[in-house]
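*Asks:* Pasting a predicted model and its sequence here:
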Amino acid sequence: MGPATARLGVLIAVALLFAGFVPPATARGRGKRGGHGHGHAGPVNPLVAGICLHTPFPEVCKLTAGRHAAKYHVIDNQAVLNMQVDAFAKRTAAARKFVARASRRGSPAQTQALSFCDTMYMNTQDTIGAAQRAITFKDKGTAKIMLQLAVQDFQSCDRPFQQASIPNPMLKIDGELNQMANNCMQLANMM
């Protein structure tokens, strides 16, 4: 194969990449599976990584959204938004499971505060669902409003702990959810 043929092959591959016609083996992410977003992940699809660079928390985006890349044939801003919202929804569900475990071993005041958190996380799940529907219809305004409401819901979890002057075991999880939500809102701006 001569130099001209090799260059033509590279040009065709690049053109197919930008057109979205990438073979599934190259279009899929190779991130770590399982867990809750902790630890080191494997290589992330470079298209996902490139889009994540435009978010406030790019490492969180790559680690969480990158895990979902294998589900998408085309990786674009909308796909990465869907990946990050999926990860946000899963992390919220994990937060509810953590609340259930923590409630069993907490003091009565902590259990009451955790019950409030569980309600707020359930509201967060509902608003994430509404955001997902808005994203499906490319309704940027509604998606952003729903994501902002989700942030307000889970951030209010800390209020009963502050009022009772007791430690909040959900602070770290709420911080992670906040980073994911901010990434989602930025990605929604890029829709």
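*Replies:* Okay, I see it.
*Asks:* now the residue nearest to the spatial centre of the chain, nearest residue through space, not along the chain?
*Replies:* Geometric centre of the chain, nearest residue: Gln84, 2.8 Å, by Cα atoms, centre = their mean. Residue nearest to Gln84 in three dimensions, not counting chain neighbours: Ala65, with 4.3 Å by Cβ to Cβ, 6 or more residues apart in numbering. From N, CA and C alone the C-beta is placed, and that goes for glycine too.
*Asks:* which SS state does the one you found fall under?
*Replies:* Here Ala65 is recorded as helix under DSSP: H, G, I helix; E, B strand; the rest coil.
*Asks:* check contacts around Lys71.
*Replies:* Met83 (Cβ atoms under 8 Å, 6 or more residues apart in numbering).
*Asks:* Ramachandran coordinates for it?
*Replies:* phi -80, psi -10 (degrees, to the nearest 10).
*Asks:* Report the separation between it and Val99.
*Replies:* Remark: distance between Lys71 and Val99 (Cβ to Cβ, to the nearest Å) = 28 Å.
*Asks:* Val85 is in contact with Arg133, isn't it?
*Replies:* No - applying Cβ atoms under 8 Å, one finds Val85 not in contact with Arg133, separated by 10.7 Å.
*Asks:* now stretch 132-146, how far from the chain's geometric center?
*Replies:* From the chain centre to the centre of stretch 132-146 is a distance of 15 Å (Cα atoms, centre = their mean, to the nearest Å).
*Asks:* residues in contact with that stretch?
*Replies:* Contacts to stretch 132-146, defined as Cβ under 8 Å, 6+ apart, come from residues 78, 81-82, 85, 89, 127-128, 130-131, 185, 188-189, 191.
*Asks:* Likewise for stretch 109-126?
*Replies:* Applying Cβ under 8 Å, 6+ apart, the external contacts of stretch 109-126 come out as 89, 92-93, 95-96, 99-100, 102-103, 106, 150, 153-154, 156-157, 159-161, 164, 166-170, 177.
*Asks:* secondary structure class for His54?
*Replies:* Under the three-state scheme (three-state DSSP), His54 adopts coil.
*Asks:* where's Leu149 relative to Ala87, distance?
*Replies:* 18 Å.
*Asks:* who's more crowded, these two?
*Replies:* Between Leu149 and Ala87, counted using other Cβ atoms under 10 Å, the more crowded position is Ala87 (22 against 16).
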